[in-house]
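**Q** Attaching a predicted model along with its sequence, questions to come.
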Amino acid sequence: MIDQPNPQVRIGLAQVAASDDIAANVEAGLDWVDKAAEAGCRLCVFPEMAFHPFFPQHRGERRYFAWAEPIPGPITELFQERAAKHGIVVVPNIFELAGPGRHYDASPIIDADGSLVGVSRMTHIAEEPKVTFAGKSFVVDPAGEIVTRAGEGEELLVVDIDPAQVAEVRQKRPFLRDRRPELYGVLGER
């Protein structure tokens, strides 16, 4: 009998609490990447605004815009170095300055060799009451079922996922087949 390779991928979700000390938050984030690598994770993901106090509820306060930085920039580059050191994919989240007056809640996607392979940007930052720590992070499978959930405090939520489930769910629920990209321009004009 031939042993089949394990199709599971171990991921780590760093559930963190950001203080007013951004440098300390970033250093703690780098430590979470170390812990994820030690736990055998191939991917380490951070929550929204992981290294800054959550400020979007203070709409228009200019002082927060000083926190924005380009991607790549100082924070991204630190995570690129740590990703390469451990051979782990890392997805931090920062307040990005993409150009004059263009700010995003952004997640740079850093490959295991440390290269920046993309950026996922939110087109808005949600307004919420003052939030310093949300907690209860969770992982869902491709069918939308919760696989595991973190508690209230800081922790590294480690879970093994099976990428083969994506193909199975797409066969059962072929939503991509029903996409109508030719209509997107019309929808954007409304």
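**A** Here it is on my side, so go on.
**Q** Tell me both backbone torsions, phi and psi, for the residue nearest to residue 142 when sequence neighbours are not counted.
**A** Closest residue in space to residue 142, ignoring its immediate chain neighbours: residue 169 at 4.0 Å, by Cβ to Cβ, 6 or more residues apart in numbering. C-beta coordinates here come from the backbone N, C-alpha and C atoms, glycine included. Phi and psi for residue 169, reported as degrees, to the nearest 10, are phi -70, psi -40.
**Q** And the one 10 residues further on, by the same measure?
**A** Residue 179 has phi and psi values of phi -60, psi 150 when expressed as degrees, to the nearest 10.
**Q** again with residue 151
**A** phi -90, psi -150.
**Q** how about stretch 42-56 as PDB, C-alpha atoms only?
**A** Taking C-alpha atoms only, stretch 42-56 is exported to PDB below (Å, rounded to 0.1, in the frame of the first residue of the first chain):
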ATOM      1  CA  ARG A  42       2.000  27.000   6.500                       C
ATOM      2  CA  LEU A  43      -0.100  30.100   6.700                       C
ATOM      3  CA  CYS A  44      -0.500  32.800   9.400                       C
ATOM      4  CA  VAL A  45      -3.300  35.300   9.200                       C
ATOM      5  CA  PHE A  46      -4.000  38.400  11.200                       C
ATOM      6  CA  PRO A  47      -7.300  40.300  11.900                       C
ATOM      7  CA  GLU A  48      -8.300  43.600  10.700                       C
ATOM      8  CA  MET A  49      -6.200  46.500  12.000                       C
ATOM      9  CA  ALA A  50      -4.100  44.000  14.000                       C
ATOM     10  CA  PHE A  51      -1.300  46.500  14.800                       C
ATOM     11  CA  HIS A  52      -3.100  49.700  15.400                       C
ATOM     12  CA  PRO A  53      -5.800  50.700  17.800                       C
ATOM     13  CA  PHE A  54      -9.100  50.300  16.000                       C
ATOM     14  CA  PHE A  55     -10.000  53.800  15.100                       C
ATOM     15  CA  PRO A  56     -12.500  53.900  12.300                       C
END
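**Q** list the contacts for residue 121?
**A** By Cβ atoms under 8 Å, 6 or more residues apart in numbering, residue 121 lies in contact with 96, 98, 104, 105, 106, 107.
**Q** so residue 160 makes contact with residue 9?
**A** Yes: using Cβ atoms under 8 Å, residue 160 makes contact with residue 9 at a distance of 6.9 Å.
**Q** in this structure, which strand has the most residues?
**A** What stands out as the longest strand in the chain, according to DSSP state E, is strand 102-110.
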